[in-house]
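S.K.: Provided below are the primary sequence and the corresponding predicted coordinates.
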Amino acid sequence: MNGVKKAVITTAGMGTRFLPATKAVPKSMLPIVDRPILDYIIDEAAASGMEEAIVVIGSNAEVIEKHFERDAYLEERLKSDKKDGLLAAVRKITDRIKITFVTQEEMNGLAGALLYAEKAVGNEPFALLLGDEIIYTKADQKPCIRQLCDVYEKTEKTVIATMRVSDKDVEKYGNIGIAKDGAIKEVNDLAEKPKAEEKLSNYAIIGRYVLAPGIFDEIRKLKKHGNEIILTDAFCSMAKRGEIVASEFEGTRYDVGDKSGYVQANVAYALRDPSIGSGIAEFIGKIREEL
């Protein structure tokens, strides 16, 4: 079986939780320390062995395309100034993976975004990474999407990343029913943010997937809920046919689509940065004393 070589990354949301910052800047371009959110997600795809990242953007996302274009003048200036570290960081943006952009012309949900990417994906399995989640993995851990690709290559079934959550947090996430638990979990049902008393399990859906190519046909069967096509509806039909599995993952997840999660990610990545980490830790200690 051919390995998973393409990743779809969705970024076309309105970013309303970050207004007014996102009035002019797409949410996916907000910085985590010194790199935009999207850059970390593309890094995960590249480190997982993907050859192409297909980025679904909104109609006003020229700044995203510009960030991932080559800037010959900037590179030459950094080279002449002997700023080799910065030059390598800038070149990495464009050199690590092929990047293709597709525009989601109608804001019709995650499943709708995937239909806009169908032509670029073709008839092959692909990874899906949601643009409002960053998953940090240590040097001795595989990137999250690579972990899911390994499961797909064993099962040839759509794979959903999952993590256990408490009863009080169940309603914050999509929820999966487990027919058979284990390292690879057999999924028999899904629910979109159920109340705790209606939960299928304590396993939440996380924004990382590897999808079998039949997903597009499943999406085309769906009816809209208001203005949106809900991807979970397609998964429900597939789960009833035994076509979906789930897998927990190694790594730390940050919900950067949420203000609190975004700040947490900035603090965590700043503390890990050898050039500023000790200073940030000292600052946090002082702030805690003051508060």
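M.R.: Happy to help now that I have it.

S.K.: Low-confidence bits of the stretch 1-150 of the chain, can you list those?
M.R.: For the stretch 1-150 of the chain, the stretches flagged by pLDDT under 70 are 1-2.

S.K.: now the strands: where do they sit in it?
M.R.: Residue ranges of the strands in the stretch 1-150 of the chain, as given by DSSP state E, counting those that start in this stretch, are 6-10, 31-32, 35-36, 52-57, 98-103, 126-130, 133-136.

S.K.: Mean neighbour count for the ones you listed - can I get that in CSV?
M.R.: Bear in mind the C-beta positions are built from the backbone N, C-alpha and C, glycine included. Output for these, formatted as CSV (neighbours: other CB atoms under 10 Å):
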stretch, mean neighbour count
strand 6-10, 24
strand 31-32, 16
strand 35-36, 18
strand 52-57, 24
strand 98-103, 15
strand 126-130, 25
strand 133-136, 22
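
S.K.: And the ones you listed: which comes nearest E65?
M.R.: Nearest to E65 among these is strand 98-103 (5.7 Å), distances taken as CB to CB.

S.K.: how far off strand 52-57 does the closest one point, in degrees?
M.R.: Inter-element angle recorded for strand 98-103 and strand 52-57: 30 degrees (by axes from the mean of the first three to the mean of the last three CA atoms, to 10 degrees).

S.K.: and strand 98-103, what does it pack onto?
M.R.: Where contact means 3 or more CB pairs under 8 Å, 6 or more residues apart in numbering; DSSP states H and E, strand 98-103 is packed against strand 52-57, helix 109-121.

S.K.: ok and the shortest one relative to strand 126-130, angle-wise?
M.R.: Counting by the same axes, to 10 degrees, strand 52-57 points 40 degrees away from the direction of strand 126-130.

S.K.: ok, strand 52-57: who's next to it in the sheet?
M.R.: Applying DSSP bridges, strand 52-57 is found paired with strand 6-10 (parallel), strand 98-103 (parallel).

S.K.: what sits against N266?
M.R.: Contact analysis of N266 by CB atoms under 8 Å, 6 or more residues apart in numbering lists P31, I32, V33.

S.K.: All the helices of this structure, residue numbers only.
M.R.: Ranges of helices in the chain, per DSSP state H, are 37-47, 62-67, 72-80, 84-95, 109-121, 144-155, 215-220, 231-240, 259-272, 277-290.

S.K.: Tell me which of those helices sits nearest to Y136.
M.R.: Of all those, helix 259-272 comes closest under CB to CB, at 7.1 Å.

S.K.: Could you give me the buried positions within that closest one?
M.R.: For helix 259-272, burial by neighbour count (16 or more other CB atoms under 10 Å) applies to G261, Y262, A265, N266, A268, Y269, A270.
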